[in-house]
Every structure is written in structure tokens, then in C-alpha cells.
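> next comes the sequence, and after it the predicted model I'd like to discuss.
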Amino acid sequence: MAIWRNKLRSSSTPRCFVLASFVVLAACLAHGQSTNSCMDCHSALPEPLGVSQEKFSQDIHAQQGLTCTSCHGGDPTSDDPDKAMSRKAGWKGKIDRKQIPQLCGHCHSDPSYIRQFNPSLRTDQLGQYWTSVHGKRLAAGDTKVAVCTDCHSVHDLRAPSDPRSTVNPVIVAKTCARCHSDAGYMKGYPIPTDQFAKYSTSVHHEALAVRGDLSAPTCSTCHGNHGAAPPGVDKVQNVCSNCHTFQAQMYEKSSHKNAFQAAALPGCVVCHSNHGITHATDAKLGTGPDAVCMQCHTPGDTCDQARAGLLGSLSRLDEAIKNADRVLSLAESSGMEVSEARLGQDQARDSLTKARVTIHSFRTDLIDQDIRAGLQIAAKNLQAGKEAMVERNHRRVGLGMSLIAIGIVLVGLRLYVKKIES
Amino acid sequence: MTGDQLSRPEPMRRRVIGIFLGSGLLASFASFIYPVLRYLVPPAVADLGGDEAVAAKLTDLKPNSGKIFRFGSRPGLLIMNSDGTYRALSGTCTHLGCTVQYRNDLREVWCACHNGIYDLNGRNVSGPPPRPLDVFDVHLRGDEIVVSRKREA
Amino acid sequence: MFATIRHWLDERFDWDDLTAPLRHKTVPSHRLSYWYFLGGITLFLFGIQVATGILLLLYYRAGANEAFESVQYIMTRVRFGWLIRSIHSWSANLMIFTAFAHMFSVLFLKAYRKPRELTWVSGVVLLFLVMGFGFSGYLLPWNTLAFFATKVGTEITGQVPITGKPMMIFLRGGEEVTGATLTRFFGFHVAVLPGLATVVLLMHLLLVQRLGISVPPKLEVQWTRNPSDKREMTFFPNFLLRELMAWYVALGVLGALAAVFPWNLGVKADPFVPAPAGIKPEWYFLFMFQTLKLIPSKVWFIDGEVLGVLAFGLVGLLWVLLPFFESDQPSRTKRWITGLAVFALAYIAGMSVYGHLAK
């Protein structure tokens, strides 16, 4: 045995197959019959032919009872490699990239088969895939595009809910980026390769990867997964509206919708960009470097005036809230209890948020409603803060009076003591 | 100074000191007692504690509608179902803390910020919310609808 | 009219005889007499605590879900509730301060010596009780700082070998700091400790009354040698009136502190949020807390924290028994206890300041 093993280790020729089979044969004789003879060799082989038992045991298919032959065919009961891997026994060998979607789809498009394992698992992935840019190009003979195994990995394929899965929400952007950020690999395709870099700076990435909000969007949320494709210029708002409902509803009714459509401009993206989307601030309505309105509008026209008015309203409410906060903080730091007004400040901030959302209607009357509501609340809170300060002064007056009384007593006592001791 | 000069102003001075000290004591006692007496009078606003809040009056809500009320330091959502029963949930979305609302067209609780939806038992049904909303107990007390935190078993 | 009442009482209770000791009581008069006021001020502040404590009981409710809200109610809704609570909090802190000052003045003026050993013992026990008041009372508003300070404080108790764990569970009313802990601490604060403190306080006052006021040794030697130098004042009314002035000053200070710096309420405790950074106990525990932090985690083979807790326990016990380590008359000139007192004062002050400044 030792001789065989030594030979096996030193050998890098195709003969290793033969040698290995002898080792395996010996092992089988020692351990009784094996039902999956594939692993006997392939667990000892180097990449890419090697698949360790440990790796394969992580695979969701292995966990559901599928084996090598489920995809690769062959006869795992035979210990003779020639018989086990004979074309006659249905052995397929290395699966051709072009065949992979079909192979996976063989089961995954079969509802009655999939139902046995997970009745709620969808079975339209293959159909979707053929509608994706990846699928269309594959069908046209381009084998550089992603097939199932490129994203899902192979032999250690995990469920998407597994944090180690390549298609877990937190990981999936990196998985896409493996190709899409590789400028060399993407050469010849007319799309940029900076999406991942931009996405990494975005508010969505921060929510997902930093704050761990699994509902925050990643690549597949907007582009689809199996049917991955750009959403299309005129359909962008339909994608964003899945989460940003209010903004979308207002935009739908706004004058900008038709204008953007007519100019073939991509909806939300015009102002907010796509992959590198940052937290929107009031500066978007301004005239500075972050400003967006004036990219299209001419200075001084009615829209510019409305823009300036809106910005003024938002700033006014923002200022009013900050002002109330200042007075409340002052009252708080001098020990007054203003938690009720503090709670009210949250409402005022809600109004400001609401007003900022209403901006998407581009209607000053609607926005002013929210602004007015917020200003009212902020004014009430400011008043509460001022009252607290008045109360504080009352306390000090009361203190002063009792201190005077105490002072009189002290002087009186001093005189009295002097008196009785003289 | 001779004893004769001292003897006349002496009782006078004694009385002045006595009056001075007495009025001082009186004034200082008044300034101690007054706050205490005011303190003893129970305030008009009854203290329900952090466990309870009056969410609404019986007449406030129509069937199939909701109302935001203050519960401690957070908002709560009181819902009157179409059959006239009440339900109370925490009003703070578990996603990013926006205030949720009752949608009478969906008969569900909806968060406008990112389209999160909860059912009437507070369970997060769709959208971003990671956790269900807290459910509170609802009681009727006279014409007031009182909401209270569920007692830990 | 007063004379009639007095006569009436005298006939029945022998009132004059009963109050005789008070009338004949004298207080030595010398340049260090000011220190004699500290005990009285501490007593006065204790009285303030009892009075404001009872007032707070009118509205306070113990319970994890109610405590914070009821204190908030006192602070915002009840008229002058802010004043009562702020005075209670400030007075508590001042009382601990004056109690410490009283103790060190007794130490430096050698007032603990024979025959006043038991006065010292009862006094130190009172100090411990007062610190117990502070520790238990701090939790009652159920705010975040108090919650975590209590968590850390009871955790330290748990470090004591063998008895530590059961003691911690006893204090917490379970494995963790919960509403059960609050209920317990409330009981300690308003029933157990006041009962104990009243008994020990009466003993302390009785001993002071029986033994008279101590005179610093040097002065006493001088006075015995030369009795004409001796200066005394009667307790009633001369000393008491002066004490009254001290009390009025204390009241003024309390009122000013309460009105200008009302005790704030903080944020309601939430056991499920992580502890805020830099949790510290009240200042009077800070020197112990800081010491425990400075002890290395392993000293030789003993756990550093355990060592620290044991050391403090031992020091506390020795401190109570301090007068018994000084032998009688011959060693009157021995200075080691003064040295120890200076060291203890410097250590407590230094560690407190360090603990306050440390992150």
C-alpha cells in the first residue's frame, strides 16, 4: 500500500487515474461496499477534478440526497473507473458551459419534482434566464456570460439564506462584481465596470452591508436575478417604487413624468443616479454642486422660482426645528423636564421628512401643507421650551426669596447669640 | 460707656432682634411649607404610568379606521375593525422607525417609508420590516379606550 | 402658658429631671470647635432625607414599568415635585459628604479613643448604612445609568468567594438586574435601611450624650494642667443656636442646588440595549470602583477582582475596629493612625478624582 501511495503522490501523469483506482479498490475491500465510488477518487484529486467530501457535504443538493450521478451520470456502484465512467452508463463527464442551464433546469423547471423538496420554491428560473442578457448571449454562443454555476457555485452550493452563500443578499453584489468589475473580462461589452465601486458608496449598500438591513436593495433587487437585465429607461420608477411607494405615486402624477418620458430620460435616475445613489439632501434643490434642477431648467424661469421657494420652505422648517431643539436643549441642560416637547420634535421632523417626500409631486401647494404642519408643531415645541425657561426663572426667583428669608434668620441668630453671650 | 447709657436702648435692641429673627423664621418656614403643601395636592392630570394610555374616546373612530395615539414616549396605533372590535399595536415600524398607518383599503398596517406591510396581528407580512409590531391590550373604561402593555406571563 | 404645660409635664414625667442632661450638657470651646458641627449637619440632612423621602413616597411607584414614569410624573406634573426630588438627591449626596468629613474630623481630632470606641464603631456602621441608602436609592428612578451602575455594583458583590454568588442573587432577586431587583432595592431603601439606621443612630447619639464631647488630646493635656484655660459653652441654647445657623446654611445650599441644578432624570432603563460606554458608579463609590479597575486581572494566582473585593472587605472591617488597634494612654503620642488617616483621605480623594477623569 505504501508503495502505491508514494507512487500516487509523485505521479502527475494521467496514469494517476489508474493508480488511484487501485488504492480505491483496496480501500473498498477493506471498508465494505461503497455506493458512491466517485468520491473515493475525486476526494483525493487536485482541483478542478477534486471535490472533497467535506465540500460536497455543504451542498444543498447533497443534503437533499442527490449524488454526483444526479448531474454527471455514470454508475457509482462500480469500483472500476472504466465501468463507472462509461458513456454507456450515462456518464456525461465535464458538463459543457452551454449545457449547464439546461441541466439545472431539468429538475428546477419541473414543478412536480421540485415540490417534493420545497413546494414554495419557484420553477421559472430557466425560463427567466433565457430572457436575461446572460441567457440571450449564451444562446447566441457567447460562453463568457454567467451560467447557473457562476453565481451559485458548484459542489458546495448553499441556499441563498445561508450567510456563506454566494447569492446571499449581503454577498451577491460581490458575486456579480467578480465579472462586472473586471475591466479586462468585460472588454468588448458596451457597459461600464464601475457599478460595484459606485454601489459600494451608496446609501443602499450602507443599509445592507453596514446596518445589516437585509431588505435593502442589492444588484438583483433592481435588475432581477435569473432574468437579470437593465430595468429599461422608462421603467426605472417601477423598480424604485417597490420600496419608495409615496415618492413613486407622486412622481406618477407629476409633470416631470411625461417630460422625462418624452425626453427618454430614466425617471428617478435623472436626479438620484442609479448605482452610486447617495442620501438625498435639500442641496439637490439648491444651486450648488449637488443641485439637480438647474441641469435642465433655465435660471429665472417659473420653475426656478418654485425651486427657490421650495428650498426656502424646507430650510425654514429645518431652521424652526433646530431652533426649537436649541431652546429645548437649553431648558434641559438647566434641569427642566421637556420630554413631551422632545417627543413633539419627532413629529416635526416627521413633517419635514414628509415634505421632502412630497417634493416628488413637484406641487408647491401640497408641499406647503406639510411645511405648515411641521412649522406649527415646531412652534408649539419652541413655545414649550420657552415656557420651561420662564419656569426656570420663576424657580430662581422663588429660590432668591427663600434665600433672603434664610439670610435674615442667619443674621438674626448671629445677633441673638451675641446678645445672650454678652 | 456707663451702665446707665446701655440700660435704656438694651430692651429696645432686644425687641428689634426678636422681631427680626421671628419674622425671618416665619418667612423661611413659609418658604419651606408652601412647596410641601402644593406638593401634597394631587395634580389634575392622573398618572397612568408607562403601561397604560387613553388612546381615544369611543366616538373617535369609525369602523375600519385607525388612529395614532401617544403611548408613553412612542406612538401607538389603535384600529377599529369593520366588526367594531379594537386592536392596538405599536406605531413604530420595526424597519427604520417611521410611524405606520392603517390602510382601510388593504385592511393592513402599512409603513409609507419603504412600503412595509403588517397584518392586523402585527406580523410583518411583506416589505422590509424585520420584526412584528408589538401588540397591546385594549380595554374599555367608560367612554375611554384604554390601551395597556401586555403583562409578562 | 408654656410654664403651665411644663409644670403639667413635670408633675407627671419628671420633665425637668429628664431634660437636665441636655441643659447641663456643655461643648468644649476652642479653635477647632467648628468641626463639632459636622455630625449635627449630617443628622439634619438625614432628617431632610426622611421628610422628602416620605413626600416622594406619595407618588413614587416601584416596578420596572412604572418607576421611571412615576418619577417623571413627580418631576413634571406634581407641583414642586422637581424641588422635593432634587432636594432628596442633593441632600443624599451632601449627607454622604458630610458623613465622610465628620468621620475624618473625628479621626484627626482623636475623638475615637477610649472611652469612645463604640461611638466610632456605630458611626462607621452608620456610614456604611448611608452608602447602602445611596446604592439602593440610586436605582429607584430606573434610568439607564442607574440600571447599569447597579448591574456593575451587584456584579462586584458576586465576586466574593463562596458567599458572593448567593449574595448577588439575593440582592438582584434573581440572576439578572430586573424589576425584581427594583422591588428589593425599594424595600431596602424605605424599610430595612431606615429601621437599621434609626437604631444605630439612636445608639450613636446616646453614646455621644453619655460620653460628652471629646477634646483634642493636646488641648486636654493643657486643660488638665491648667484648669483656668478651660473654655466651654452650654449646649442649650448657645451651641444649638450655632448649629441651627449651620442647618440654615445647609438648607440654603440645598435649595440653591435643587433650583439651579435640578437632578436630572436620564433615559428609562432598557435591559436589552448595550451598556453605554463609561458607566461609573456614584462618586462615593468611585474610589473603590477605580481601584478594582486598576488591579491586574491576575495577581499571582488569585483573580484580581476577587482580591480587590476581599481587600476592601478586610479594610472595611479593620476600619470599623480602628480604635482597638491603638493601645491605651502610653502611646498617646503615637502618630501612626494620623498617618493612616492622611493616607486614606489622600487615597480616597485621589482615586475619586482619577476615576472621575478616567475614561
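Okay, I see it.
> and the chain, what are its domains?
If you meant another chain, say so; for now it's chain A. A:1-94, A:96-230, A:317-421 (automatic domain parsing).
> hm, I was asking about chain B
B:3-40, B:52-148.
> out of those domains, flag the one nearest A:Thr69.
When the domains of chain B are compared by Cβ to Cβ, domain B:52-148 sits nearest A:Thr69, at 40.2 Å. For glycine as for every other residue, the C-beta is placed from the backbone atoms N, C-alpha and C.
> for the closest one, the distance to its chain's centre please.
Centroid displacement of domain B:52-148 relative to its chain, using Cα atoms, centre = their mean, to the nearest Å, is 19 Å.
> quick one on the thing from earlier: most packed of the domains of chain B?
Most buried of those, by mean neighbour count (mean count of other Cβ atoms under 10 Å in any protein chain shown): domain B:52-148, with a mean of 18.
> list the contacts of the residue of the stretch 151-300 of chain A found nearest chain C.
Residue nearest to chain C within the stretch 151-300 of chain A (Cβ to the nearest Cβ): A:Gly212, separated by 15.2 Å. Shown in contact with A:Gly212 (Cβ atoms under 8 Å, 6 or more residues apart in numbering or on different chains): A:Val170.
> one step back: between the domains of chain B, which has the poorest mean confidence score?
For these, the weakest mean pLDDT is recorded on domain B:3-40, namely a mean of 82.
> need the helices for the stretch 51-200 of chain A, in chain order.
Applying DSSP state H, counting those that start in this stretch to the stretch 51-200 of chain A gives helices spanning A:53-57, A:60-63, A:68-72, A:81-84, A:100-108, A:111-114, A:125-131, A:133-139, A:148-152, A:172-180, A:195-200.
> reformat these as JSON lines; add distance to C:Trp283, mean neighbour count and mean pLDDT.
Shown next, in JSON lines, are the helices of the stretch 51-200 of chain A (distance: least, Cβ to Cβ, whole Å; neighbours: other Cβ atoms under 10 Å in any protein chain shown; pLDDT from 0 to 100):
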{"stretch": "helix A:53-57", "distance to C:Trp283": "58", "mean neighbour count": "13", "mean pLDDT": "86"}
{"stretch": "helix A:60-63", "distance to C:Trp283": "59", "mean neighbour count": "16", "mean pLDDT": "90"}
{"stretch": "helix A:68-72", "distance to C:Trp283": "71", "mean neighbour count": "17", "mean pLDDT": "88"}
{"stretch": "helix A:81-84", "distance to C:Trp283": "80", "mean neighbour count": "16", "mean pLDDT": "83"}
{"stretch": "helix A:100-108", "distance to C:Trp283": "68", "mean neighbour count": "18", "mean pLDDT": "92"}
{"stretch": "helix A:111-114", "distance to C:Trp283": "67", "mean neighbour count": "12", "mean pLDDT": "91"}
{"stretch": "helix A:125-131", "distance to C:Trp283": "66", "mean neighbour count": "17", "mean pLDDT": "92"}
{"stretch": "helix A:133-139", "distance to C:Trp283": "67", "mean neighbour count": "18", "mean pLDDT": "93"}
{"stretch": "helix A:148-152", "distance to C:Trp283": "60", "mean neighbour count": "19", "mean pLDDT": "92"}
{"stretch": "helix A:172-180", "distance to C:Trp283": "51", "mean neighbour count": "19", "mean pLDDT": "93"}
{"stretch": "helix A:195-200", "distance to C:Trp283": "47", "mean neighbour count": "17", "mean pLDDT": "93"}
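> ok, which of these comes nearest chain C?
Closest of these to chain C is helix A:195-200, at 27.6 Å (criterion: Cβ to the nearest Cβ).
> could you dump the closest one to PDB, C-alpha only?
Output in PDB follows, covering the C-alpha atoms of helix A:195-200 (Å, rounded to 0.1, in the frame of the first residue of the first chain):
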ATOM      1  CA  GLN A 195     -21.200  49.700 -10.900                       C
ATOM      2  CA  PHE A 196     -19.900  47.900  -7.900                       C
ATOM      3  CA  ALA A 197     -17.500  50.700  -6.900                       C
ATOM      4  CA  LYS A 198     -20.400  53.100  -7.100                       C
ATOM      5  CA  TYR A 199     -22.800  50.800  -5.300                       C
ATOM      6  CA  SER A 200     -20.200  50.500  -2.500                       C
END
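> grab the longest helix from chain A for me.
Using DSSP state H, we find that the single longest helix of chain A is helix A:364-421.
> what packs against that one?
Packed against helix A:364-421 by the contact rule (3 or more Cβ pairs under 8 Å, 6 or more residues apart in numbering or on different chains; DSSP states H and E) you find helix A:302-333, helix A:339-358, helix B:9-40, helix C:240-260.
> now distance to C:Glu175 too, for the ones you listed, in TSV please.
Conversion of those to TSV gives the following (distance: least, Cβ to Cβ, whole Å):
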stretch	distance to C:Glu175
helix A:302-333	36
helix A:339-358	32
helix B:9-40	39
helix C:240-260	38
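> out of these, which gets nearest to A:Arg414?
That would be helix C:240-260 among those, by Cβ to Cβ, at 6.9 Å.
> quick one: the very next helix or strand once past that closest one to chain centroid distance?
Sequence order places helix C:283-294 as the next helix or strand after helix C:240-260, per DSSP states H and E. Centre-to-centre, helix C:283-294 and its host chain are 17 Å apart (Cα atoms, centre = their mean).
> what helices or strands is helix C:283-294 leaning on?
The helices and strands touching helix C:283-294, judged by 3+ Cβ pairs under 8 Å, 6+ apart, are helix C:81-108, helix C:117-139, helix C:144-157, helix C:304-320, helix C:336-357.
> in TSV: those, plus mean pLDDT.
Formatted as TSV, the helices and strands packed on helix C:283-294 follow (pLDDT from 0 to 100):
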stretch	mean pLDDT
helix C:81-108	94
helix C:117-139	95
helix C:144-157	89
helix C:304-320	90
helix C:336-357	90
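> what angle sits between the longest helix of chain A and helix B:9-40?
150 degrees (axes from the mean of the first three to the mean of the last three Cα atoms, to 10 degrees).
> give me the mean pLDDT for helix A:364-421.
For helix A:364-421, mean pLDDT is 92.
> could you identify which of the domains of chain A is most buried?
domain A:317-421 (a mean of 18).
> for that domain, measure first residue to last.
Distance between the two ends of domain A:317-421: 69 Å, counting by Cα to Cα, to the nearest Å.
> go on, stretch C:251-271?
Taking Cα to Cα, the first and last residues of stretch C:251-271 lie 37 Å apart.
> in the stretch 1-150 of chain A, what residue comes closest to chain B?
A:Ser120 (14.6 Å).
> contact partners for that residue?
By Cβ under 8 Å, 6+ apart, A:Ser120 lies in contact with nothing.
> separation between it and A:Pro111?
Note on A:Ser120: its distance to A:Pro111, by Cβ to Cβ, to the nearest Å, is 11 Å.
> ok, back up a step: C:Leu211 is nearest to which of the helices and strands packed on helix A:364-421?
Using Cβ to Cβ, these put helix C:240-260 closest to C:Leu211, at 18.6 Å.
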